[in-house]
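Colleague: Next one to model:
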Amino acid sequence: MRSHALGGWLLQRDLGKRLTLGGELYAEGASGVGTPSSTLLDLGGYYNFARHFSFLFSLGRNPIGAPHTVAYFGLYWTWGGHADCGARTFPSNLLGV
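Modeller: Now for the predicted structure:
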């Protein structure tokens, strides 16, 4: 293993109060001898079911170098926080959270 640079750029947009979509370009240098660098282009977002419960998703591909596909789907649950911390409020609370 060796030190290497990494970085990315993300552009996302809220499409209403519940849905956010975006795209990301992420690049990482070679992490070891004989390990190639990689660039990942992916699209994804999240859908808020309730104030503290969301579905996250992402799908991407390495457009440069060896083909590499990644996908991520997950449930995101938070708790706590205060109303004055910028948390969103939604008109319906489907899960009672």
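Colleague: just the helices in this protein please.
Modeller: With DSSP state H as the criterion, the chain has no helices.
Colleague: Now do the strands in it.
Modeller: 6-15, 19-28, 38-50, 53-64, 69-77 (DSSP state E).
Colleague: Give the other helices and strands that the shortest one contacts.
Modeller: For strand 69-77, the contact count by 3 or more C-beta pairs under 8 Å, 6 or more residues apart in numbering; DSSP states H and E identifies strand 38-50, strand 53-64 as packing neighbours. Bear in mind the C-beta positions are built from the backbone N, C-alpha and C, glycine included.
Colleague: which of those sits most buried?
Modeller: Of all these, strand 38-50 has the most neighbours on average by mean count of other C-beta atoms under 10 Å, namely a mean of 17.
Colleague: Specify the angle between that strand and strand 19-28 in degrees.
Modeller: 160 degrees (axes from the mean of the first three to the mean of the last three C-alpha atoms, to 10 degrees).
Colleague: now strand 38-50 against strand 6-15, angle please.
Modeller: 30 degrees.
Colleague: Neighbouring strands of strand 38-50 in the sheet, and parallel or not?
Modeller: Strand 38-50 has its sheet partners listed here by DSSP bridges as strand 19-28 (antiparallel), strand 53-64 (antiparallel).
Colleague: Mind listing the residues bridging to L19?
Modeller: L15, Y47.
Colleague: That one - how many residues pack around it?
Modeller: 13 (other C-beta atoms under 10 Å).
Colleague: wouldn't it be in contact with G45 here?
Modeller: Yes - under the criterion of C-beta atoms under 8 Å, L19 is in contact with G45, at a separation of 6.7 Å.
Colleague: Thank you kindly, that will do.
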